[in-house]
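> I would like the atomic coordinates for the input below:
(one chain, ligands or ions: 1)
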Amino acid sequence: MSKKEVVETTEAQIAVHWKEENYYYPSTKFIAQANLNDVEVFDRFSLDNFPDCYTEYAELLTWYKYWDEVLDSSDAPCFKWFKGGLLNASYNCIDRHLKNNKNKTAIHFVPELEEEKIEHITYQELYVKVNEFAALLRDFAGLKRGDRVTIHMPMSAELPITMLACARIGVIHSVVFGGFSASACADRIVDSNSRVLITMDAYYRGGKLLNHKVNADEAVKISADDGQVVDKVLVWQRYPGKISSDTPMVKGRDFFVNDELKKFYGARVEPEKMLSEDPLFLMYTSGTTGKPKGCQHGTGGYLAYVTAMSKYIQDIHPEDVYWCMADIGWITGHSFIVYGPLALCASSVIYEGVPTYPDAGRSWRIAQELDVNIFHTAPTAIRALRKLGPDEPAKYNYHFKHMTTVGEPIEPAVWKWYESAVGKGEAIIVDTWWQTETGGFLCSTVPGLSPMKPGSAGPGVPGIHPIILDDDGNEITEPGIAGNICIQNPWPGMLQTVWGNRQRFVDTYFAQYCKDPNSKDWRDWPYLAGDAATKSEDGYYRILGRIDDVINVSGHRLGTKEIESAAMVVDEVAEAAVVPVSHDIKGKEPDLYIALKTGVEPSEELARKISDAICDQIGKIAKPRKVWLVPDMPKTRSGKIMRRVLGAISNKGDVGNVMTLANPEVVEEIKHMVQK
Ligand code: WT7
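Below you'll find the model as predicted:
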């Protein structure tokens with residue numbers, strides 16, 4: 001990004017931004033019970049004690065063998081944490097709890113249809129199911145340590161069972177969000193070279209039973225065209241007979257897990273002793289190019305980090321009922337529904353469907369029914385619930401001690417409704433800023449130690465040392481001035497690399513600020529997060545939004561290039577440009593501008609065809625607000641599409657001086673079309 005663009009973005013962002021708010025303080029009742037209420041933690045985790053301070057997090061886990069070295073930087077920036085240590089993630093999330101807690105609920109699963117038929121799976125039951133499925137993966141699917149497996153499943157108890165079974169035998173899982181299309185799933189199958197796909201027959205969403213298995217058929221076909229053969233499709237069956245007629249099982253390739261599992265009743269699988277630095281999973285995320293990148297997370301570092309964050313920032317105690325509303329198909333679900341809470345022996349809630357169906361009281365009814373006391377959601381859900389049912393929470397008998405918001409900046413007015421209406425004035429709130437790449441939280445208040453400030457994430461969590469840099473790498477120390485937020489030190493939860501593409505890893509996160517690409521010293525490798533942020537006098541960070549070509553739709557990350565590439569697949573399209581447009585519930589939505597090939601007439605039908613192509617290739621979450629078929633793109637004289645101008649038009653802002661463009665007249669035409 002050029003310096004000029006930084007100034008333009010940040011000024012615009014500051015202009016729409018809110019003022020610093022007053023503090024809210026945690027109650028003495030909360031502080032007294034908090035897992036972390038000892039101020040000295042910040043000294044213990046100062047840069048002077050780096051990296052040894054992180055052993056405090058690693059000691060929350062059970063190791064077969066302790067590490068030889070806390071941090072190995074010899075292949076910087078591919079850092080290895082707790083090198084030489086041996087452990088297993090499934091053992092840490094299940095086996096070690098059996099002695100004292102085998103009858104405790106590990107997972108509450110709330111289905112959409114017949115909401116009252118909640119499944120309560122104890123740690124013992126989880127142990128049995130994970131062992132049996134691990135045996136199936138090993139002995140029937142032929143998977144072994146280091147293999148990759150793609151999992152395309154909706155929210156269900158079977159999803160964490162599948163992940164933990166993979167972890168048990170050292171298979172690297174790559175979970176694809178269930179709402180992603182077959183084509184998006186195929187891209188991830190190909191990139192990770194998965195020869196086994198695990199899926200589910202169907203699921204409910206918003207009152208409809210959706211055939212999910214059909215995506216697997218399509219994904220396998222596309223993968224084969226791209227050179228990756230999937231020889232086994234394992235289908236978990238929740239609704240026998242309901243969708244089978246229109247989705248036949250392919251003989252020799254497709255197998256119902258439920259049938260095959262019968263052969264493995266009673267099977268027990270010794271957990272693989274994994275090296276701390278062995279990968280645990282891949283999670284693909286959008287970036288600046290069309291191709292999503294596979295963030296590779298390691299076993300020991302990642303698990304230690306998310307366990308510590310669950311304990312100290314989420315304040316999870318074993319007796320809590322904890323509900324994170326995210327989908328397990330995103331990093332939030334991996335870290336804060338599955339790995340962190342289960343490593344702490346908590347009861348974790350999983351629900352199918354959406355928070356507003358069948359009514360805006362659903363979330364609070366579930367909270368009441370299960371006596372949830374820690375609640376974790378995203379601004380987009382809070383906005384939707386506030387709009388649809390502002391008075392609903394008061395009708396239900398539940399009490400939260402702790403709530404999280406994550407995924408995008410939260411407006412102070414929305415924060416305040418969350419605090420007073422949802423939290424009933426009794427719950428503390430943490431606004432956690434982090435990313436798929438970072439495994440766990442970067443900035444947040446420590447709930448038992450620091451006051452909250454609506455709209456600000458807070459300081460770095462213990463062990464994270466953020467810094468705001470200008471484009472030349474100078475620190476911006478003046479409060480309220482925006483720049484690129486970076487982390488000065490590596491930390492155990494960070495991605496190890498981009499799967500199969502170390503260069504992309506280095507280029508994306510480190511190239512801009514690394515002074516010496518051959519350096520083995522971690523101090524030379526500040527991590528570039530890709531967000532603009534300001535720091536206020538009290539050291540709290542406020543995240544302003546992405547500085548790159550990423551749009552955050554309902555807390556889900558989409559690459560503008562990814563959407564543009566999907567549009568370009570339509571024959572008639574000559575050029576495509578995506579810009580984010582503000583939306584009162586979703587935060588942002590993509591607006592799509594299209595220039596058609598010469599001679600092609602614009603039509604409603606063509607606009608629909610382009611929109612459908614995007615849903616097909618990525619998924620419904622990427623559906624543009626509107627497809628604008630414009631006569632030409634506004635361009636610089638060197639031919640670059642001026643997305644900034646299009647963004648201003650979509651958001652009814654000031655387009656600025658456009659006279660230097662190659663075709664200034666088109667700006668008025670587009671404005672007329674969009675703003676009429
Ligand atoms: C991007 C990462 C973190 C898990 C969910 C999203 C934005 C995330 C916050 C927050 C303001 C936030 C950033 C970040 N973001 N949390 N608390 N306040 N913005 O993970 O899909 O990797 O997206 O989400 O822009 O870079 P992700």
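> Which residues of the stretch 501-650 of the chain lie near the ligand?
Residues of the stretch 501-650 of the chain lying close to the ligand by C-beta under 6 Å from any ligand atom are 529, 530, 531, 543, 545, 546, 552, 555, 557. Where you see a C-beta, it was placed from the backbone N, CA and C, and this is true even at glycine.
> Tell me the one among those nearest to residue 248.
residue 557 (35.2 Å; C-beta to C-beta).
> what residues are up against that closest one?
285, 286, 436, 550, 551 (C-beta atoms under 8 Å, 6 or more residues apart in numbering).
> Next up, the contacts around the third one.
By C-beta under 8 Å, 6+ apart, the contact list for residue 436 reads 283, 285, 295, 330, 331, 495, 557.
> Contacts only, for the third one.
Translated: residue 295. Contacts for residue 295 (C-beta under 8 Å, 6+ apart) come out as 282, 283, 284, 285, 331, 436, 437, 495, 498, 499.
> Against which helices or strands is whichever strand or helix holds the second one packed?
Using DSSP states H and E, the secondary-structure element containing residue 283 is strand 279-285. Identification of packing neighbours for strand 279-285 by 3 or more C-beta pairs under 8 Å, 6 or more residues apart in numbering; DSSP states H and E yields helix 158-168, strand 172-177, helix 182-192, strand 293-298.
> mind running it again at 6 Å?
Packing contacts for strand 279-285, counted by 3 or more C-beta pairs under 6 Å, 6 or more residues apart in numbering; DSSP states H and E, involve strand 172-177, strand 293-298.
> closest one to the ligand among those?
The ligand lies closest, by C-beta to the nearest ligand atom, to one member of the helices and strands packed on strand 279-285: strand 293-298, at 8.4 Å.
> tell me the angle the closest one makes with helix 182-192.
Computed by axes from the mean of the first three to the mean of the last three C-alpha atoms, to 10 degrees, the angle separating strand 293-298 from helix 182-192 equals 50 degrees.
> ok, and what's touching the very next helix or strand once past strand 293-298?
Proceeding N to C from strand 293-298, the next assigned helix or strand is helix 300-312, under DSSP H and E. Helix 300-312 has contacts (C-beta atoms under 6 Å, 6 or more residues apart in numbering) with 35-36, 57-58, 60-61, 81-82, 85, 87, 89, 276, 280, 316, 335, 339-341, 343-344, 439-441, 492-493.
> Domains of the protein: list them as residue ranges, please.
28-456+489-525, 554-675 (the TED database).
> Run the chain-centre distance for the shortest one.
What separates the centre of domain 554-675 from the centre of its chain is 26 Å, taken as C-alpha atoms, centre = their mean, to the nearest Å.
> Of all the domains of the chain, which one comes closest to residue 479?
The minimum distance between residue 479 and these falls on domain 28-456+489-525, with 11.9 Å, by C-beta to C-beta.
> on that earlier part again, sort out which of the residues of the stretch 501-650 of the chain next to the ligand are in helices and list them.
Assigned to helices by DSSP state H, none of these qualify.
> I'd like the residues you listed as TSV, with pLDDT appended.
Formatted as TSV, these follow (pLDDT from 0 to 100):
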residue	pLDDT
529	97
530	94
531	93
543	91
545	83
546	85
552	87
555	82
557	85
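> Quick one: buried ones out of those?
Listed as buried from those are 529, 530, 531, 543, 545, 546, 552, 555, 557; burial here means 16 or more other C-beta atoms under 10 Å.
> what's the nearest residue to the first one if we skip its chain neighbours?
This points to residue 529. In space, and not counting its chain neighbours, residue 529 is closest to residue 485: 5.2 Å by C-beta to C-beta, 6 or more residues apart in numbering.
> Can I take it that the one you found is in a strand?
Yes: assessed with DSSP: H, G, I helix; E, B strand; the rest coil, residue 485 lies in a strand.
> Next, count neighbours for it.
Applying other C-beta atoms under 10 Å, we find 29 residues neighbouring residue 485.
> List the beta-bridge partners for it.
As for beta bridges, residue 485 partners with residue 468 under DSSP bridges.
> Kindly report the same for residue 108.
Under DSSP bridges, the beta-bridge partners of residue 108 are residue 120, residue 349.
> What's the local residue count around it?
22.
> Verify the contact between it and residue 350 for me.
No: using C-beta atoms under 6 Å, residue 108 is not in contact with residue 350, being 7.1 Å away.
> related to what we said a few turns ago, the ligand next: which of the contacts of residue 295 are close?
Taking C-beta under 6 Å from any ligand atom as the test, the ligand is in contact with 285, 331, 436 out of the contacts of residue 295.
> with these in mind, which one is nearest to the ligand?
Among those, residue 436 lies closest to the ligand (C-beta to the nearest ligand atom), at 3.4 Å.
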